[in-house]
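1. Coordinates only, no sequence provided:
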Ligand code: FES
């Protein structure tokens with residue numbers, strides 16, 4: 001295949017003319033012929049004023065470009081859409097597949113010999129990995145890096161675990177306006193991604209484990225010089241990959257690599273979103289992500305990383321403690337250490353050259369885990385025949401075995417309208433059910449699964465209840481929350497048939513989630529069920545007609561697998 005500027009020429013039916021035009025435009029932009037003969041490294045920048053987590057993306061792109069030039073390559077910075085959690089109505093997940101298509105198609109359209117992708121905020125790393133795997137261009141991921149922890153009146157604060165804790169206290173009346181406002185300006189003290197083990201930190205750690213980053217790149221703080229040096233080194237490495245033509249994503253994406261990712265997901269008590277994203281990323285490589293394997297790993301691998309929300313510390317502490325390679329070393333009996341990275345080395349090679357220092361308080365030894373027991377468990381049963389997820393490490397232990405009557409919210413708007421109604425017929429024993437909030441139903445599977453505790457109970461000190469939905473929850477959230485119930489209500493899954501007062505049994509130990517209603521009654525309800533109306537046009541039409549269920553990653557069915 002042609003390389004550099006000669007690759008992927010616009011098809012006029014005359015390739016020499018296409019190259020003549022392309023060179024001409026770039027000469028017009030000030031490039032010399034000598035520069036244009038170099039290997040080309042694309043730098044995918046997701047800088048956007050609407051993405052404050054990526055506030056350092058332009059600076060990172062400059063350092064990557066410096067590395068590319070130092071190694072004799074020619075850098076080209078280009079954009080794709082950029083997704084931030086707080087600027088994505090109705091939900092960022094609706095846009096993840098669009099960003100992955102943008103990434104894939106730009107990598108297939110542009111004359112890049114290799115690409116360095118700058119991502120970080122929750123959906124961006126999954127979207128970029130999905131796109132890069134489908135395009136199969138040599139690719140390096142440079143996460144923007146986590147924020148530093150906030151400091152407020154003697155306490156360290158982390159977005160957004162403490163955002164949620166403070167807001168819950170405010171709703172319950174234990175925190176007043178003034179205290180909330182003082183803490184507000186300390187919650188996000190720098191640019192970068194949320195600095196707890198939320199979805200961004202989870203996905204950066206998984207990208208490093210899948211071999212897509214330089215070692216240490218998941219955890220170095222966004223505002224550190226180390227982050228900038230990693231960017232420069234990534235640019236240099238990309239030139240070597242551009243010259244060699246690899247390694248390509250298809251050389252890294254094996255079943256063993258995804259099993260390794262599941263091990264790290266459990267050991268970090270990572271975000272439940274990581275499960276959906278791993279399923280989508282694996283799907284692009286033609287690999288079915290194995291939920292049962294994830295569950296089995298959880299029974300063997302305890303939570304070792306002491307970061308909020310399961311633990312106490314922050315991403316900068318994980319980095320100082322040794323970072324992801326130090327975790328690999330600790331997990332070596334559970335990982336396939338022969339899995340390869342974009343450096344051309346194995347996980348074993350990386351751990352051998354990595355500093356031997358490890359902070360046992362942050363990266364715990366097996367005999368002193370952060371949480372006794374399983375982090376992420378996969379439930380099945382009459383309410384979720386194709387699976388549901390519970391993050392046991394963030395749940396209230398006394399609620400993980402629970403039986404109670406259902407209180408059903410038919411949609412996210414219904415939840416918003418009624419949850420704080422003083423007349424809501426709810427007790428602490430109720431199981432709050434939210435439906436029509438899945439991939440098709442919402443659409444886009446928003447992070448509404450951690451339903452707020454009804455004000456009338458919160459104000460009496462109730463902090464947690466069993467909550468079940470077909471939606472997702474933020475990786476920074478906590479509670480006894482069952483998520484991703486599949487099939488979802490909007491495609492006729494059993495969640496659609498639940499009525500107020502039905503008894504639901506959550507048996508986390510037995511990995512069961514059941515609706516105690518007899519089959520004949522359920523069949524009668526099913527005969528009355530009607531699917532919701534679909535959007536008539538545009539991307540949302542494409543989305544609801546093509547999106548898969550959570551166990552398949554909520555990707556588009558036509559994007560899975562290889563060309
Ligand atoms: Fe961007 Fe949390 S909102 S990482």
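-> Thanks, I have it. Keep in mind that what you see is a predicted model, and the values were worked out from it rather than measured.
2. From here on, just use CA atoms for contacts and neighbour counts.
-> Fine.
3. Which one of the residues in the stretch 201-350 of the chain is closest to the ligand?
-> Taking C-alpha to the nearest ligand atom as the measure, the stretch 201-350 of the chain has residue 201 as its residue closest to the ligand, at 7.7 Å.
4. host element of that residue?
-> helix 199-209 (DSSP states H and E).
5. ranges for the strands of this structure?
-> Ranges of strands in the chain, per DSSP state E, are 40-45, 74-79, 114-119, 139-143, 150-152, 155-157, 376-381, 384-391, 401-409, 431-434, 466-469, 481-486, 503-507, 512-515.
6. so what strands line up beside the first one?
-> Taking DSSP bridges as the criterion, strand 40-45 forms sheet pairs with strand 74-79 (parallel), strand 114-119 (parallel).
7. so which of these comes closest to residue 336?
-> With C-alpha to C-alpha as the measure, strand 114-119 is the member of the strands paired with strand 40-45 nearest residue 336 (25.8 Å).
8. on that earlier part again, let's have the strands paired with strand 40-45 in JSON lines, adding mean neighbour count.
-> Shown next, in JSON lines, are the strands paired with strand 40-45 (neighbours: other C-alpha atoms under 10 Å):
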{"stretch": "strand 74-79", "mean neighbour count": "19"}
{"stretch": "strand 114-119", "mean neighbour count": "29"}
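9. for the ones you listed, which one sits closest to the ligand?
-> Between the strands paired with strand 40-45, strand 114-119 lies closest to the ligand; by C-alpha to the nearest ligand atom that is 9.9 Å.
10. That closest one - what's its average pLDDT?
-> The average pLDDT within strand 114-119 is 98.
11. which of the strands of the chain is buried the deepest?
-> strand 139-143 (a mean of 31; mean count of other C-alpha atoms under 10 Å).
12. Spit out the contact partners of the residue of the stretch 401-550 of the chain found nearest the ligand.
-> Residue of the stretch 401-550 of the chain nearest the ligand, by C-alpha to the nearest ligand atom: residue 476 (8.3 Å). Shown in contact with residue 476 (C-alpha atoms under 8 Å, 6 or more residues apart in numbering): 159-161, 196-199, 271, 308-309.
13. got CSV for the strands of the chain, with distance to residue 170 too?
-> Shown next, in CSV, are those (distance: least, C-alpha to C-alpha, whole Å):
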stretch, distance to residue 170
strand 40-45, 38
strand 74-79, 39
strand 114-119, 33
strand 139-143, 33
strand 150-152, 17
strand 155-157, 16
strand 376-381, 29
strand 384-391, 25
strand 401-409, 23
strand 431-434, 21
strand 466-469, 21
strand 481-486, 21
strand 503-507, 29
strand 512-515, 32
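14. returning to that earlier point: can I get the strands paired with strand 40-45 in TSV with distance to residue 512?
-> Shown next, in TSV, are the strands paired with strand 40-45 (distance: least, C-alpha to C-alpha, whole Å):
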stretch	distance to residue 512
strand 74-79	45
strand 114-119	36
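15. Make CSV out of those and add distance to the ligand.
-> Converted to CSV, the strands paired with strand 40-45 look like this (distance: least, C-alpha to the nearest ligand atom, whole Å):
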stretch, distance to the ligand
strand 74-79, 18
strand 114-119, 10
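16. ok, back up a step: now do the residue of the stretch 201-350 of the chain closest to the ligand against residue 424, distance only.
-> Note on residue 201: its distance to residue 424, by C-alpha to C-alpha, to the nearest Å, is 37 Å.
17. Quick check on those two: which one has the bigger neighbour count.
-> A direct count of neighbours by other C-alpha atoms under 10 Å for residue 201 and residue 424 places residue 201 higher, at 29 against 13.
18. Verify the contact between the more buried one and residue 146 for me.
-> Yes: applying C-alpha atoms under 8 Å as the test, residue 201 and residue 146 come out as touching, 7.1 Å apart.
19. which intervals of the protein have sub-threshold pLDDT?
-> Judged by pLDDT under 70, the chain has no weakly predicted residues.
20. Residue numbers of it in contact with the ligand?
-> Selection of the chain residues close to the ligand by C-alpha under 6 Å from any ligand atom yields 53, 84-85, 121-122, 193-194, 200.
21. end-to-end on stretch 494-514?
-> 10 Å.
22. what sits up against that stretch?
-> With C-alpha under 8 Å, 6+ apart, stretch 494-514 has contacts from 377-384, 400-408, 431, 435-436, 469-470, 485, 487-490, 515-517, 522, 525-526, 529.
23. ok, back up a step: could you measure from the residue of the stretch 201-350 of the chain closest to the ligand over to residue 319?
-> Distance of residue 201 to residue 319, given as C-alpha to C-alpha: 11 Å.
24. Repeat that for residue 19.
-> To residue 319, residue 19 is 46 Å away according to C-alpha to C-alpha.
25. For these two, indicate the residue with more neighbours.
-> residue 319 (23 against 17).
26. who are the neighbours in contact with that one?
-> Residue 319 is in contact with 216, 219-221, counting by C-alpha under 8 Å, 6+ apart.
27. Burial check on residue 169, number of neighbours?
-> Residue 169 has 18 nearby residues by other C-alpha under 10 Å.
28. before we move on, what about residue 86?
-> For residue 86, the count of nearby residues is 12 (other C-alpha under 10 Å).
29. ok, now residue 523?
-> Neighbouring residues of residue 523 were enumerated by other C-alpha under 10 Å; the total is 12.
30. In the longest helix anywhere in the chain, which residues are buried?
-> In the chain, taking DSSP state H as the definition, the longest helix is helix 225-244. By neighbour count on 16 or more other C-alpha atoms under 10 Å, the buried set for helix 225-244 is 227-228, 230-243.
31. out of everything not next to it in sequence, what's closest to residue 376?
-> Spatial nearest neighbour of residue 376, chain neighbours left out: residue 391 (4.5 Å); criterion: C-alpha to C-alpha, 6 or more residues apart in numbering.
32. Contacts only, for that neighbour.
-> Residues near residue 391 by C-alpha under 8 Å, 6+ apart: 269, 272, 375-377, 480-482.
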